[in-house]
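> sequence and predicted structure below; questions after.
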Amino acid sequence: MALLKDELEISKIIDILKINLTLPSYQRPYSWSINSCNTLFFDIYEAFNSGIDEYRIGTIILHKENSGKYNIVDGQQRLTTLSILLYSLGNINQKLLKEKYSKLSNNAIILNYRILSKRIKEIDERKIKKFKEYLLKKCTIVKIVTNTEQEAFQFFDSQNSRGKELAPHDLLKSYHLREMKNENEEEKIKIINCWENIKQEYLYDLFKNYLYPLINWYKRKDGLGYSSSKINYFKGIKGANNYNYSIYHKASNLYIEQINSNGVNELISSNCINQFQLTQPLIAGRRFFNYSLHYGKLLEKIQEQINHLHEKSTIPSKRSGDIYIKQLYECSLLFYADRFGLENLSSYVMHLLYSWCYSLRLTMNAVYQQTINKYAKGQHDRVNLGIDMFTKINEMSDPEELKMILLTKPDIHKNNKSKYKAIYEFIFDWNGWKK
């Protein structure tokens with residue numbers, strides 16, 4: 001039960017596409033950009049014009065089932081793009097394009113088809129047939145096939161841990177899918193489809209700018225540098241881990257799940273118990289995907305409340321420093337709501353946390369990520385030194401305790417009183433500071 005050595009080979013595109021390829025439910029949406037699609041076409045066409053005898057496109061990893069189906073574990077984006085290209089060249093019977101894609105995938109497929117069709121029209125008609133023959137018979141792919149899903153994911157991990165770094169959330173997806181081997185197939189498909197239909201850029205942003213900093217800041221640790229090398233923070237407790245602490249957390253997670261009967265689509269509801277805490281370890285497997293969905297939805301609700309409470313002029317977002325401050329504010333509200341619930345996120349709480357975050361904006365002429373990281377840990381000597389807000393919120397047992405935090409009046413940078421007039425006036429008026 002491992003690598004199928006007799007199927008390990010360098011295969012022509014024509015032979016790859018004859019295989020009974022399928023897209024498993026856990027595959028992410030097809031999302032290649034116009035630029036990526038155009039680059040692949042250009043590289044192949046340039047090799048064709050240069051007379052290169054064999055053009056290697058890359059590697060694919062397949063999981064072969066007993067039924068003879070080959071699930072695409074790695075290489076879906078390239079194979080789908082090649083199928084679109086061949087369809088544009090007149091080979092309309094492309095089996096892979098008949099697979100069930102999400103709405104996001106369909107939109108990308110249609111857009112890339114339009115682009116490739118235009119590129120094909122630029123080719124001399126006498127060369128199109130030869131180019132198609134070159135694509136099918138001279139372009140090759142390294143084919144790796146295993147007969148177990150777990151082995152396929154291990155090859156996927158090892159291949160993508162070298163060279164170009166894979167997105168952290170893709171590596172996490174692979175890891176947690178292996179922990180779902182005992183899950184009900186229908187539930188597995190439902191959960192992964194929900195997670196995969198989230199835009200990949202949004203997932204990266206969620207983990208990099210919110211979840212990773214938060215699980216470190218409350219411990220007074222650095223929240224910078226999230227990458228594929230830091231995914232251990234989100235691997236959680238494995239199902240096979242039977243130490244006392246892991247048994248306790250697995251049991252508590254199971255208990256909450258049994259109480260809540262609404263499932264994934266009602267993760268944030270007054271009718272169910274909050275399923276996660278940023279200060280507690282997550283459980284590997286299905287719980288990771290629920291965790292991602294939960295905090296994605298909670299962040300959206302936080303952002304809605306910000307838009308409802310604040311005037312646009314008090315939440316600038318044009319400069320990079322303004323964006324960092326805004327993310328800090330969102331992080332503080334997310335952490336507070338995670339601990340005490342959205343119902344306790346009153347206007348008073350929001351204004352106090354706003355004052356804490358935007359006092360830094362008024363104080364500093366330039367704000368960098370390192371500035372935010374230092375301030376979040378209460379270590380910035382220019383304003384509110386010693387107020388490690390995330391640590392303090394974590395130590396609170398009652399939401400009213402936030403009102404006992406006294407902020408210091410910021411020493412405003414000479415340019416910021418006029419540049420950030422709306423922020424200045426609001427913070428000073430709300431805190432009763434003399435202007």
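Structure's in. What do you need?
> ok, the nearest residue to Gly75 once chain neighbours are set aside - contacts?
Nearest non-adjacent residue to Gly75, counting by Cβ to Cβ, 6 or more residues apart in numbering: Ile60, 3.1 Å away. (Each C-beta comes from the backbone N, C-alpha and C, glycine too.) If you count contacts by Cβ atoms under 8 Å, 6 or more residues apart in numbering, Ile60 has them with Ile16, Ile72, Asp74, Gly75, Arg78, Leu79, Ile141, Val142, Lys143, Ile144.
> quick check: the fifth one touching Thr39?
Going back to what we said before, that points to Arg78. No: in this structure, Arg78 is not within contact of Thr39 by Cβ atoms under 8 Å, at 11.4 Å.
> which one's more surrounded, those two?
Arg78 (18 against 13; other Cβ atoms under 10 Å).
> check for me that that one belongs to a helix.
Yes: counting by DSSP: H, G, I helix; E, B strand; the rest coil, Arg78 falls inside a helix.
> apart from its chain neighbours, what residue comes closest to it?
Arg78's closest residue in space is Gly58 (Cβ to Cβ, 6+ apart), at 5.9 Å.
> name the SS class of the one you found, please.
Once three-state DSSP is applied, Gly58 turns out strand.
> who's in contact with it?
Taking Cβ under 8 Å, 6+ apart, we find Gly58 in contact with Gly75, Arg78, Ile141, Val142.
> farthest-apart pair in the residues you listed, please.
Maximum pairwise distance among these (Cβ to Cβ): 11.5 Å, between Arg78 and Val142.
> still on that earlier bit, what about the residue nearest to Arg78, distance to Asn307?
According to Cβ to Cβ, to the nearest Å, Gly58 and Asn307 sit 43 Å apart.
> what's the answer for Ile191, then?
For Ile191, the distance to Asn307 (Cβ to Cβ) stands at 29 Å.
> which one's more surrounded, those two?
More crowded of Ile191 and Asn307, by other Cβ under 10 Å: Ile191, with 24 against 11.
> for the stretch 1-150 of the chain, which residues score under the pLDDT cut-off?
Across the stretch 1-150 of the chain, the ranges flagged by pLDDT under 70 are 1-3, 5, 26, 148-150.
> please enumerate the strands of the protein.
Using DSSP state E, the strands of the chain run over 9-12, 21-22, 55-64, 70-74, 139-146.
> now these in a markdown table, with distance to Ser359?
A markdown table is the format used below for the strands of the chain (distance: least, Cβ to Cβ, whole Å):
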| stretch | distance to Ser359 |
| --- | --- |
| strand 9-12 | 61 |
| strand 21-22 | 55 |
| strand 55-64 | 50 |
| strand 70-74 | 47 |
| strand 139-146 | 55 |
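> pick the most buried one from these.
Mean neighbour counts were compared across the strands of the chain using mean count of other Cβ atoms under 10 Å; the top stretch is strand 70-74, at a mean of 22.
> in stretch 27-43, what counts as buried?
Gln27, Arg28, Pro29, Tyr30, Ser31, Trp32, Cys37, Asn38, Leu40, Phe41 (16 or more other Cβ atoms under 10 Å).
> out of everything not next to it in sequence, what's closest to the fourth one?
Put plainly, it is Tyr30. Using Cβ to Cβ, 6+ apart, the closest residue to Tyr30 is Ser105 (3.9 Å).
> list the contacts of the closest residue to Arg119 other than its chain neighbours.
Distances taken as Cβ to Cβ, 6+ apart place Phe41 nearest to Arg119, at 5.5 Å, with adjacent residues excluded. Phe41 sits next to Leu85, Leu116, Arg119 when contact means Cβ under 8 Å, 6+ apart.
> pretty sure the second one contacts Ser36?
No: contact between Leu116 and Ser36 fails when scored by Cβ under 8 Å: they sit 11.8 Å apart.
> neighbours of Lys69, how many?
Neighbour number of Lys69 under other Cβ under 10 Å is 14.
> would you mind measuring from it to Asn49?
Distance, Lys69 to Asn49, by Cβ to Cβ: 37 Å.
> with Leu171 instead?
37 Å.
> the two: who's more crowded?
Leu171 (20 against 11).
> identify the residues contacting the residue lying closest to Leu345 once chain neighbours are set aside.
Spatial nearest neighbour of Leu345, chain neighbours left out: Ala337 (5.1 Å); criterion: Cβ to Cβ, 6+ apart. Neighbour list for Ala337: Leu298, Lys301, Ile302, Asn344, Leu345 [criterion: Cβ under 8 Å, 6+ apart].
> what comes into contact with stretch 103-119?
By Cβ under 8 Å, 6+ apart, stretch 103-119 touches 29-32, 34, 37-38, 41, 45, 80-81, 84-85, 87-88, 97, 101, 197, 199.
> now it: buried residues?
Leu104, Ser105, Ala108, Ile109, Asn112, Tyr113, Ile115, Leu116.
> dump it to CSV, keeping only the CA atoms.
Extracted in CSV, the C-alpha atoms of stretch 103-119 (Å, rounded to 0.1, in the frame of the first residue of the first chain):
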residue,chain,number,x,y,z
LYS,A,103,-19.1,28.7,-9.1
LEU,A,104,-15.8,30.4,-8.5
SER,A,105,-14.1,27.7,-10.6
ASN,A,106,-16.6,28.1,-13.5
ASN,A,107,-16.0,31.8,-13.6
ALA,A,108,-12.2,31.4,-13.8
ILE,A,109,-12.6,28.6,-16.5
ILE,A,110,-14.8,30.9,-18.6
LEU,A,111,-12.4,33.9,-18.2
ASN,A,112,-9.3,31.8,-19.1
TYR,A,113,-11.1,30.2,-22.0
ARG,A,114,-11.7,33.7,-23.5
ILE,A,115,-8.1,34.7,-23.0
LEU,A,116,-6.7,31.5,-24.6
SER,A,117,-9.2,31.7,-27.5
LYS,A,118,-7.8,35.1,-28.3
ARG,A,119,-4.2,33.9,-28.1
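> run the chain-centre distance for it.
Per Cα atoms, centre = their mean, to the nearest Å, the displacement of stretch 103-119 from the mean C-alpha position of its chain is 23 Å.
> try stretch 121-136
38 Å.
> one more: stretch 85-100?
With Cα atoms, centre = their mean as the basis, stretch 85-100 stands 29 Å off its chain's centre.
> start and end of that stretch, how far apart?
19 Å (Cα to Cα, to the nearest Å).
> now do stretch 211-223
By Cα to Cα, the extent of stretch 211-223 from end to end equals 9 Å.
> which of the residues in it are buried?
Here stretch 211-223 shows Leu211, Tyr212, Pro213, Leu214, Ile215, Asn216, Trp217, Tyr218, Gly223 as buried, counting by 16+ other Cβ under 10 Å.
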